[in-house]
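# My questions concern the predicted model and sequence given below.
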Amino acid sequence: MSAGSKPRVLVIDDERRTREGLEKALRPKYDVLLAEDAVRGLEILGETTVDVIVTDLRMPKMDGMAFTREVAAGANGPIVIMLTAFGSVQTAIDAMKVGAYDYLTKPINLDNLEMVIDRGIESRRLRRENERLRLELDRRHGFDGIIGNSKAMQDVFDTVRQVAEARSTVLLTGESGTGKELFAKAIHQLSARRNKPFVVVHCAALNENLLESELFGHEKGAFTSAHERNIGRFEKADGGTLFLDEIGEIDAATQVKLLRVLETRTFERVGGSKQIETDIRLITATNRDLKAMVAAGTFREDLYFRINVINVVLPPLRERIEDIPLLLNHFRSVGARENGKEVEGFTSEAVKMLCVHRWPGNIRELRNCVERMVVMARGPTLTVKDVPTDIRNAIGDDLVGKTATPTLADEPAPNLDMDAQERNLIVKALREADGNRTRAAELLGISRRTLHRKLHTYQLEDM
């Protein structure tokens, strides 16, 4: 519906007097189209867009229930109002189940009908606006539960959108905790396979025999404990997506069988001889260096090339620091809701402190840290005092280098900003080294050149 135009209503009823009477009553306020049955109604919907459909339940060729199932779907779908002379609570429930917005019985009260139409139009407008905002949020801050506004993440999002519709295998690489399973799920949700299964296998959690059985299934009697047939993950994922996490952990024999499946798209259950066809999109992930494993002979080169058609590298959190405030707020909200806590936000000092940490565990570590802060919160606002001690100690090291000595790893003063804390640590190091800058740099775990630059930055060159 364009600005300034009337809402468009399609009336479907096999009784001519009913549909013409509704047209006369609704014409002053709405642009009304008429159809004598659901089949003609579908033809009209193929030719133009409508905002609301008012349809009879009992009709020849196709009844109102079947018609509603076909058209009442998605954010852009029309509102469907069901009319019937055979009113019952069960009929109303059935109509709602297949997507009807509302249900009215004949004879129609025109005032009620107009009220329901107007309410439906407003509901549709809000539904479309919410969908637009969701898509905008996805575009700007992530999608499918993944949050990120940094350039590094936006580049990954663009790559994921581009490869989602392809059939090619995808290899997700990156450090532990960077969200590889979330990205695999996002690729699946953005693909044409979204309505088919998304099946996950954590390869490192299964030994050699269990992994083969989990992937390909087994026949009854295939081994001692095989008391019945087991359907493997390849069969369960048929038509959808199979995600193999930590693929670098699979043994050599399973690598051979996996390669064969990818090349022939067929496999046999363990203990069976029947060839089973499979149609899956394979996504794999690892935090290991598969190239180095190929060179060392622990990972097959042909399998590596087969799974590495498209490589998506997920950046560690320390390379997208600008995303940390977004993530902090998200995990705070989730943690507060799940733990029944009234926690409204972070102080700016706490945010600055948490942005300094290198987060070796990436998103997983950050999420756990925030949940701990929420659970142990002293008040409605999270401050530097709420930051876990181990994180604060690590932050003290991060401010000046990776190998700061214990004498310099004092807990950061909660009311100082990060620059002040770093400046104080440098002053302590210089005093402990009696002004010897080489020794001070060693104590701080940084190079002498870096120390000179920081001395200039903090106007400490005369020390």
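Structure received.
# Tell me the buried residues in stretch 146-158?
Across stretch 146-158, burial judged by 16 or more other Cβ atoms under 10 Å covers 146, 147, 148, 150, 152, 153, 154, 156, 157. No exception for glycine: its C-beta is placed from N, CA and C like everyone else's.
# Out of those residues, which sit inside strands?
Mapping the buried residues of stretch 146-158 onto strands (DSSP state E) picks out 146, 147.
# which one of the buried residues of stretch 146-158 sits closest to residue 253?
Proximity of the buried residues of stretch 146-158 to residue 253 (Cβ to Cβ) peaks at residue 156, which lies at 33.7 Å.
# check contacts around the closest one.
148, 183, 312, 313, 314, 315 (Cβ atoms under 8 Å, 6 or more residues apart in numbering).
# one step back: reformat the buried residues of stretch 146-158 into TSV and put pLDDT next to each item.
Converted to TSV, the buried residues of stretch 146-158 look like this (pLDDT from 0 to 100):
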residue	pLDDT
146	83
147	84
148	85
150	87
152	91
153	91
154	88
156	93
157	90
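# Which of the buried residues of stretch 146-158 sits closest to residue 334?
Of all the buried residues of stretch 146-158, residue 334 sits closest to residue 147, with 11.1 Å by Cβ to Cβ.
# related to what we said a few turns ago, of the contacts of residue 156, which belong to helices?
Counted as lying in helices by DSSP state H, out of the contacts of residue 156, are residue 183.
# Closest one to residue 13 out of the contacts of residue 156, please.
Closest approach between the contacts of residue 156 and residue 13, by Cβ to Cβ: residue 183, at 49.4 Å.
# Checking the residue nearest to the closest one when sequence neighbours are not counted next. Helix, strand or coil?
The shortest distance from residue 183 to any non-neighbouring residue, by Cβ to Cβ, 6 or more residues apart in numbering, is to residue 172 (5.7 Å). Here residue 172 is strand, with the state taken from DSSP: H, G, I helix; E, B strand; the rest coil.
# Could you do residue 103 as well?
Classified using three-state DSSP, residue 103 is strand.
# Kindly report the same for residue 385.
With three-state DSSP as the basis, residue 385 sits in helix.
# Please work out how many residues are found near it.
Using other Cβ atoms under 10 Å, residue 385 is surrounded by 16 other residues.
# Does it touch residue 378 like I think?
Yes: judged on Cβ atoms under 8 Å, residue 385 makes contact with residue 378 at a distance of 7.0 Å.
# The residue lying closest to residue 7 once chain neighbours are set aside and residue 79, how far apart?
With sequence-adjacent residues excluded and distances taken as Cβ to Cβ, 6+ apart, residue 7 is closest to residue 51, at 4.5 Å. According to Cβ to Cβ, to the nearest Å, residue 51 and residue 79 sit 7 Å apart.
# Which residues are in contact with each of these two?
120, 121, 124.
# what sits against the first one?
Spelled out, it's residue 120. By Cβ under 8 Å, 6+ apart, residue 120 lies in contact with 51, 52, 79, 81, 101, 102.
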